[in-house]
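Build me a model:
(3 chains)
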Amino acid sequence: MRIGVLWNKLADPKNIPRLFAFSLGIILIIGLIVPMALNPDQLYVRPAPQEQIDEGLAIAPYDRGGEVLSQPGIINPQYPDNAASLGMITGYMSPLAQWISSISPYFGTSIYSSPGGLVDEILYYTRGFDTILESSILMMSFIIASWLSVNYTMNRKNDESEIREDVKKAISDSTKVAREVKANDAKARAKQLRRDN
Amino acid sequence: MVFIPPYVPDAFLSMYLPAIYAGLIVGFIGTMAIALKREEIHILILTDIVGLAMIFVVSAVGTDLAEALILPGLVVELAETLAISEILLTREMRKIEQNPRRNLQKTSSMFPQPFALNMEILNTAPNFIALVLIGYGIFLTGFTGGAVAGGGIVFYALSKKARGLPVLMLDGIAGVSGIAWCLWILGFLLFFVAPQYWLLSLFLAACGLLLKVASKVGLIGLLMREDFDKE
Amino acid sequence: MDFVTLGGNLLGTIPLGDIVLYLTPFNLFLFAVLLGFTLLIALSKPETQIEATMHTLNNTEVKVGPKEFKQRRFLSIICGLASAGAMITGDLFNFTLFMALVGILNIGIVSAVKQTSVLNSAFNYGLIAMMCSLPLFGGASIILAATGTLSLAVLSQMPASPMVVFGAVLMLIGILGESGVAPFFASKAEMFRTAGSPFIVIIHLSSLFIIVRAVEILLLVLW
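Numbers count the residues shown, from 1 in each chain, chains lettered A, B, ... in the order given. Next comes the predicted model:
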């Protein structure tokens, strides 16, 4: 094949994702022969699986020590000096969360969906900038998608006939409901009469 | 009582290789499927498999940090799917608009069509379920809470439409989202400017995120009802 | 290689928890140029294209409507700010998130156009941007697994193992795809064949600057 044909194929936007996917796949497969091992010296290390559950901690597996509002929990971030009140969020639980964790041994599994706790500390405090970027990405794609749908793909402000149909549907639905209510009323009254007699 | 070990436990060290190999292989399968497929909508769906492989690779690290990093990855994937599918829809509609008589193209294998949805639950107990979802979402706060509460709003909007009632179009709901985002940025800055007020910052962040995500998901519901039951 | 060799003397840092923004002359220069360009975009009006009409002798104007203009300007400003932020960030994962943000904004800037060819290439670029989340975030997390850190200051002091090289190669292909460098240029190059010039140019500029910064980051990690 001549190189010109190849360049022409590369200039078609339709082929690009597939070419990209192909080269990415090749690199991923090469990864299988690269020697890989997890470095044991990591940040934010967590205890072994099931360890905290076997010890019977109330908010296992996310118990990192600390007391609510008084003592910070233990975490090891990259730069402890940059976070002055480090660990306080890890130790914090809202009163409601405290109450639930006192009656249930399973609250730990959902700790990161209540204010306070380990994951909130990482997400909002020590790596809060990541989360800000992430939510900006979400916001931007919502802006793109909703702008398109409001102004173009779902815009039916000018579709008079459809609005008229919708109103018609609403009227017929409500009359149907009214008729059903009436029928039910009559049925109930008949039942009551029968019982009375 | 040792809350955190100084080094990664053996369980995670021995799990790393299987986990990352699984991720690489899943990624390989996904990318090769994309390279072989011709229909665009299929490629769009297959990219989710590649995103799944990314979650494998990130979570293989097995520390608390990895757990926190999964969330950005997941959200980015979701957000891009949302925007790009809307662009695909726009492109197909523009094509039809410019040339209504033309036959539908084979490669895209999709064309915009109305979305019909008939579920009994939309007629029977909408208000109660919406309230429960919103209440539970407020208890959860943060991303999860926002998603749950937003689900409640979506459900409310859908069920109102299903019963043929008019839905109040809330233009301001997007504004709520923006203000909540600012609240959160404020909370984040407060963390570093005034670390002693960390509790205030935490609640600013958690509630800001709750409002933001809930209003966004709710916005989907309000947008969807524009298209809902359009046959 | 460390910051001093590549970017000049460290003028200061902005510590935000684990994510530290580094201010060296090199990074500050890129940052300032992008901010200046963003300011220009915020103040300018879009261009209008004149196209020859088929089969007649008339010309048609390709204009940007007021609604479209507002959305496009907003997204371009955010895109400028995001690429400026990517210039000074000192965290590997943070940088990949900035890249993802710039990628989605690039799509957004052209999403409102009427030309189907532009929408087509935006969609195809979007597919690449979605796939890029695997090499970008996956590469960063492989480097995290190999070294135990994401901070560039610490990473620059570490020797590169084969695993770090693999992570960096994965990141590289992610960067190539996301910023639309050859051989993946076509989908991104076709995206800005439409009216509204200063806003369209930020697509180009942000990928240029990001690739410069990405080279610096890869050098920091690998050497």
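
hey, where'd the strands end up in chain C?
Secondary structure of chain C (DSSP state E): strands located at C:12-16, C:19-23, C:49-52, C:59-62.

out of the ones you listed, deepest packed?
Highest mean neighbour count of those: strand C:19-23, a mean of 21 (counted as mean count of other Cβ atoms under 10 Å in any protein chain shown). C-beta here means a position set from N, CA and C on the backbone, and glycine is covered the same way.

How about residues contacting that strand?
A:79, A:82, A:127-130, C:3, C:7, C:10-15, C:88-91, C:94, C:151-153 (Cβ atoms under 8 Å, 6 or more residues apart in numbering or on different chains).

Chain B next: which of these are close?
Subset of the contacts of strand C:19-23 in contact with chain B: A:82, A:127, A:128, A:129, A:130, C:15, counting by Cβ under 8 Å from any Cβ of the partner chain.

could you flag which of those residues are buried?
A:82, A:127, A:128, A:129, A:130 (16 or more other Cβ atoms under 10 Å in any protein chain shown).

can you put the residues you listed in CSV and add pLDDT, secondary structure and distance to residue A:90?
Converted to CSV, these look like this (pLDDT from 0 to 100; DSSP: H, G, I helix; E, B strand; the rest coil; distance: Cβ to Cβ, whole Å):
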residue, pLDDT, secondary structure, distance to residue A:90
A:82, 84, helix, 16
A:127, 89, coil, 13
A:128, 88, helix, 14
A:129, 91, helix, 19
A:130, 90, helix, 17
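
Just give me the closest of the residues you listed to residue C:81.
residue A:129 (13.6 Å; Cβ to Cβ).

OK, contacts around the closest one?
Counting by Cβ under 8 Å, 6+ apart, residue A:129 touches B:188, C:16, C:17, C:19, C:91, C:94.

between the helix or strand hosting the first one and strand C:12-16, how big is the angle?
Element membership for residue B:188 (DSSP states H and E) is helix B:173-193. Comparing the axes of helix B:173-193 and strand C:12-16 via axes from the mean of the first three to the mean of the last three Cα atoms, to 10 degrees yields an angle of 120 degrees.

centre of the chain versus helix B:173-193, how much separation?
Its chain's C-alpha centre and that of helix B:173-193 lie 20 Å apart, by Cα atoms, centre = their mean, to the nearest Å.

Surely residue B:67 and residue A:119 touch.
Yes. The pair residue B:67 / residue A:119 is scored as a contact, 6.5 Å apart, by Cβ atoms under 8 Å.

need the residues of chain B near chain C, please.
When proximity is defined as Cβ under 8 Å from any Cβ, chain B approaches chain C at B:16, B:20, B:23, B:27, B:31, B:34, B:40, B:43-44, B:47, B:50-51, B:53-54, B:57-58, B:60-61, B:65-66, B:69, B:72-73, B:76-77, B:79-81, B:83-84, B:86-88, B:90-91, B:94-95, B:98, B:191-192.

Is chain B within reach of the helix ranked longest in chain C?
Of all segments of type helix in chain C, defined using DSSP state H, the longest is helix C:197-222. No. Under the criterion of Cβ under 8 Å from any Cβ, chain B is not reached by helix C:197-222; the shortest gap measures 14.7 Å.

tell me what that helix is packed against?
Judged by 3 or more Cβ pairs under 8 Å, 6 or more residues apart in numbering or on different chains; DSSP states H and E, helix C:197-222 is in contact with helix C:3-7, helix C:25-43, helix C:66-88, helix C:92-110, helix C:152-155, helix C:162-179.

Now do it and helix C:92-110, the angle between them.
Angle, helix C:197-222 to helix C:92-110, by the same axes, to 10 degrees: 160 degrees.

What angle do helix C:66-88 and helix C:197-222 make with each other?
Counting by the same axes, to 10 degrees, helix C:197-222 lies at 20 degrees to helix C:66-88.

can you pull the contacts of the residue nearest to residue A:138 when sequence neighbours are not counted?
Leaving aside its chain neighbours, residue A:138 sits nearest to residue B:79 (4.6 Å; criterion: Cβ to Cβ, 6 or more residues apart in numbering or on different chains). Residue B:79 makes contacts with A:137, A:138, A:140, A:141, A:142, C:104, as judged by Cβ under 8 Å, 6+ apart.

Make sure I have this right: residue B:79 is in a helix.
Yes. Assessed with DSSP: H, G, I helix; E, B strand; the rest coil, residue B:79 lies in a helix.

Would you mind measuring from it to residue A:152?
Separation of residue B:79 from residue A:152 (Cβ to Cβ, to the nearest Å) stands at 20 Å.

what about residue C:137, distance to residue A:146?
From residue C:137 to residue A:146 the distance is 26 Å (Cβ to Cβ).

Between those two, point out the one with more neighbours.
residue C:137 (29 against 20; other Cβ atoms under 10 Å in any protein chain shown).

From what I see, the more buried one and residue B:71 are in contact.
No. In this structure residue C:137 lies outside contact range of residue B:71 using Cβ under 8 Å: 11.1 Å.

the bottom helix or strand of the chain by mean pLDDT?
You didn't pick a chain, so chain A it is. One helix or strand of chain A scores below all others by mean pLDDT, DSSP states H and E: helix A:160-196, with a mean of 79.

now swap in chain B and tell me
Result, chain B / mean pLDDT, DSSP H and E: helix B:121-124, a mean of 71.

any weak-confidence spans in the chain?
The chain I'm using is chain A. Residue ranges of chain A with pLDDT under 70: A:1, A:112-113, A:154-166.

my question was about chain B
Counting by pLDDT under 70, chain B contains low-confidence residues at B:1-2, B:100-119, B:161-174, B:220-231.
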